[in-house]
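Participant: coords please:
(4 chains)
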There are 2 protein chains.
Amino acid sequence: MAQEQNLTKNQSLVFEKLSAADGPMSAYDLLDELREQGLKAPLQIYRALEKLQEVDLVHRLESMNSFVACAQPHCHAKTGLVAFAICEKCGTVSEFSDDVVQSRLADWATERNFTPTKTSLEIRGLCQGCG
Amino acid sequence: MAQEQNLTKNQSLVFEKLSAADGPMSAYDLLDELREQGLKAPLQIYRALEKLQEVDLVHRLESMNSFVACAQPHCHAKTGLVAFAICEKCGTVSEFSDDVVQSRLADWATERNFTPTKTSLEIRGLCQGCG
DNA sequence: ATGCCATACGTTATATCATAACACAATCCA
DNA sequence: TGGATTGTGTTATGATATAACGTATGGCAT
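Facilitator: Predicted coordinates:
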């Protein structure tokens, strides 16, 4: 944390909105909800999101072009690999990580001299309540 | 296999083009290259891609909004989970699968009564030659 | 304090990716 | 034979993302 202290106005607005949401939001969702705070252009959102991803406060869900506030900023910055389970019915996103998966992937990369920069792991499906 | 026999004209065109390519292509890349074969609209491409994904001849790379021909249609249809390593410099995509990763994720899902429909696992980074 | 650098901001315009809606054609097979 | 399913073609539109430009702000070494 403490990172949250360093955020600029736009970054804070986006982060607060995303944290308050109960699920993922697209950049344009965020823009719509932040117009009354003075934000007017997509780039303002995308730039804030870019920074927030850099400092691990926000994750991008590649499979649905949207964004979520990180569930536990403190932990995951260390663990590296973050995975998501996304319910296609109710939209709930569960964030988790798995050391075994992580090390298997690290092994794969090491064996092939592949240098990973970012990994995305997303499971689409139906959650307990919706299954 | 044999599946390739059942493809329609548009599906074949898209699959052939994608198979001949040495890397991923976007839907609009495909459209540009298939105009001379008579394809004119994005939907013709997207519909073909949709079918090709259903029969496991093509994969979608979520992190880059593009598509690749499946490296080994016969095997992967069984294995279920397919992972990709994507070089951000040269664009090369390596397809692989890992039973351990797969079973860990299956366990996670089972424990939570989550019913997976599709999983995407993509590692961005630099390949051996580009690292 | 001055000048420089890195970072963020605001704005307009544009690029890129994807689907809705409608009408028509081909095929299967009950 | 006629209904269901799947594929097609077309136009229009929606949704997501970035380029390019200029300005402003804050740190910090001189």
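
Participant: Need the residues that contact the longest strand along chain A.
Facilitator: Of all segments of type strand in chain A, defined using DSSP state E, the longest is strand A:115-126. Residues outside strand A:115-126 that contact it (CB atoms under 8 Å, 6 or more residues apart in numbering or on different chains): A:60-63, A:80-89, A:101, A:105-106, A:109, A:131, B:62-63, B:85, B:88, B:105, B:109, B:114-126, B:131. Where you see a C-beta, it was placed from the backbone N, CA and C, and this is true even at glycine.

Participant: Which positions in it come out as buried?
Facilitator: A:115-116, A:118-126 (16 or more other CB atoms under 10 Å in any protein chain shown).

Participant: The residue sitting furthest away from the middle of chain A and residue B:129, how far apart?
Facilitator: The outermost residue of chain A, judged against the average C-alpha position, is residue A:111 (28.6 Å), by CA atoms, centre = their mean. Here the criterion is CB to CB, to the nearest Å. By it, residue A:111 lies 15 Å from residue B:129.

Participant: And residue A:74, what's its pLDDT?
Facilitator: As predicted, residue A:74 sits at a pLDDT of 66.

Participant: interface residues of chain A facing DNA strand C?
Facilitator: Contact residues (CB under 7 Å from any atom of the strand) of chain A with DNA strand C: A:8-11, A:38-44, A:47-48, A:51.

Participant: Keeping just the C-alphas, turn the longest strand of chain A into PDB.
Facilitator: Presented in PDB, the C-alpha positions along strand A:115-126 are these (Å, rounded to 0.1, in the frame of the first residue of the first chain):
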ATOM      1  CA  THR A 115      11.800 -14.700 -20.400                       C
ATOM      2  CA  PRO A 116       8.300 -14.100 -19.200                       C
ATOM      3  CA  THR A 117       7.100 -10.500 -18.600                       C
ATOM      4  CA  LYS A 118       3.400 -11.000 -17.900                       C
ATOM      5  CA  THR A 119       1.200 -14.100 -17.600                       C
ATOM      6  CA  SER A 120      -2.500 -14.200 -17.800                       C
ATOM      7  CA  LEU A 121      -4.600 -17.100 -16.700                       C
ATOM      8  CA  GLU A 122      -8.300 -16.900 -16.900                       C
ATOM      9  CA  ILE A 123     -10.900 -19.600 -16.400                       C
ATOM     10  CA  ARG A 124     -14.300 -18.900 -17.800                       C
ATOM     11  CA  GLY A 125     -17.300 -20.900 -16.500                       C
ATOM     12  CA  LEU A 126     -20.100 -21.000 -14.000                       C
END
